[in-house]
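1. Curious how this folds, go ahead:
(one chain, ligands or ions: 1)
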Amino acid sequence: MAPIVTFGELLVDFVPTVAGLSLSDAPAFKKAPGGAPANVAVGVCRLGGIAAFIGKVGKDEFGQMLVDVLKEEGVNVRGVRFDPNARTALAFVTLRTDGEREFMFYRNPSADMLMVQAELDMDLIRGARIFHFGSISLISEPSRSTHLAALKLAKESGALLSYDPNLRLPLWPSPEAARDRIMSIWREADIIKVSDEEVKFLTNGGDEKLDEVIMSLYHQAPNLKLFLVTDGPDGCRYYTPDFKGQVESYPVETVDTTGAGDAFVAGLLNKLVQDKSLLTDEAALRSALQFACACGAITTTGRGAIPSLPVVDDVLKLINNVAV
Ligand code: ATP
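-> This next block holds a predicted model:
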């Protein structure tokens, strides 16, 4: 069994070979495995941890390719299902010159949206010490009910619930629907990671100071053990019931930010599964977050998420170089 289990979407990202052009001007696209929860599972395995992924792809060549990639990376894929009647999800990505991205999705509906409760690998969920998920599977039925059932089982089985909403606005019927659904499971989570942009979106982009809106979100999850707000090159802020603070990231030459947040989560969860005390010990938490920030930073130095996820040696090299 795997101590870290991630649940959600696994898809093919088509990434342009040249950055800074619109989708119509891009000369060619390279296929890359994508889907935030799947990236996190791979990120954990790269760092030497043990992770499983639960989700659904089409019974087609893209679906098989994705599952093969996860397997090669050491991810336990016994919880992956193949749908004979639906295609694997695809996303075309525009890469701006500053490394930021926009997405155009092909899901009508794709296999990931069609996973039903009966397809859940209950034993895998029962064995999880950390259950990590996003919000894309909350968009429509039947994946929404499946997601909620998986959460309930993980919680009843004693897993820590880790939530990174990973807002993808074009997938939602409206911004209001995205906000409502993302917040609908907010109270369930033990750990939440959002970006500063997601904070602004979820709090409706008010004029209050960032710290104030972060606190308003934090207080909407009464059982939250750790709330993290990442801010690209500026690192992250952390909030727990006992302490709060900020950890800086590491300077790197950024090429593509894809997967930085997933690498950050993988780094943190990998530390957390080894040492639960970091939820209550600030020094241990800061050290884990430095590690997580370095994981995120390294991932921005290459194209695509999975190819750029670091191994432990890369992370230690970056941390130690800066510390010297
Ligand atoms: P994404 O959705 O692109 O995967 P995200 O928006 O969830 O990412 P970010 O805040 O972009 O998350 O990045 C996560 C972490 O990765 C940051 O907290 C930071 O530590 C590191 N990071 C990201 N971008 C950079 C960068 N350009 N330079 C250094 N570190 C970075």
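2. Identify each buried residue in stretch 227-240, please.
-> 227-233, 235-240 (16 or more other CB atoms under 10 Å). In short, each C-beta sits where N, CA and C put it, glycine included.
3. Check stretch 62-76 too.
-> When burial is assessed from 16+ other CB under 10 Å, stretch 62-76 yields the following buried residues: F62, G63, L66, V67, V69, L70, E73, V75, N76.
4. And for stretch 34-41?
-> Judged by neighbour count using 16+ other CB under 10 Å, the buried positions of stretch 34-41 are G34, G35, A36, P37, A38, N39, V40, A41.
5. try stretch 11-20
-> Per 16+ other CB under 10 Å, stretch 11-20 contains these buried residues: L11, V12, D13, F14, V15, P16, A19.
6. which among those residues gets closest to R129?
-> Closest approach between those and R129, by CB to CB: L11, at 26.6 Å.
7. returning to that earlier point: by pLDDT, give me the weakest of the buried residues of stretch 11-20.
-> Comparing pLDDT over these singles out A19 as the least confident position, at 80.
8. ok, R46 - contacts?
-> With contact taken as CB atoms under 8 Å, 6 or more residues apart in numbering, R46 is in contact with E73, A266, L309, P310, V311.
9. Next, give me the two most distant ones among the residues you listed.
-> Every pair in these was compared (CB to CB); the two farthest apart turn out to be E73 and P310, at 12.8 Å.
10. Sketch out the low-pLDDT regions of this structure for me.
-> Low-confidence segments of the chain, defined by pLDDT under 70, are located at 99-100, 206-208, 322-324.
11. Helices of that one, residue ranges please.
-> According to DSSP state H, the chain carries its helices in the segments 36-46, 61-72, 122-126, 143-156, 175-184, 196-202, 210-218, 260-274, 282-299, 312-323.
12. can the longest one be found next to the ligand?
-> Yes: Helix 282-299 lies in contact with the ligand when judged by CB under 6 Å from any ligand atom; the contacting residues are C293, G296, A297.
13. ok so, going back, now, among the buried residues of stretch 34-41, which is nearest to the ligand?
-> The shortest separation between the ligand and any of the buried residues of stretch 34-41 is 6.9 Å, and it belongs to A36 (by CB to the nearest ligand atom).
14. Nearest residue to that closest one in space, please, no chain neighbours.
-> Nearest-residue entry for A36: N166, 4.5 Å, with adjacent residues in sequence omitted and distances by CB to CB, 6 or more residues apart in numbering.
15. and the stretch 151-300 of the chain, which residues reach the ligand?
-> Listed as neighbours of the ligand in the stretch 151-300 of the chain under the rule CB under 6 Å from any ligand atom: 195, 230-233, 235-236, 249-250, 252, 254, 257-262, 264, 293, 296-297, 300.
16. and those, which are buried?
-> Listed as buried from these are 195, 230-233, 235-236, 249-250, 252, 254, 257-262, 264, 293, 296-297, 300; burial here means 16+ other CB under 10 Å.
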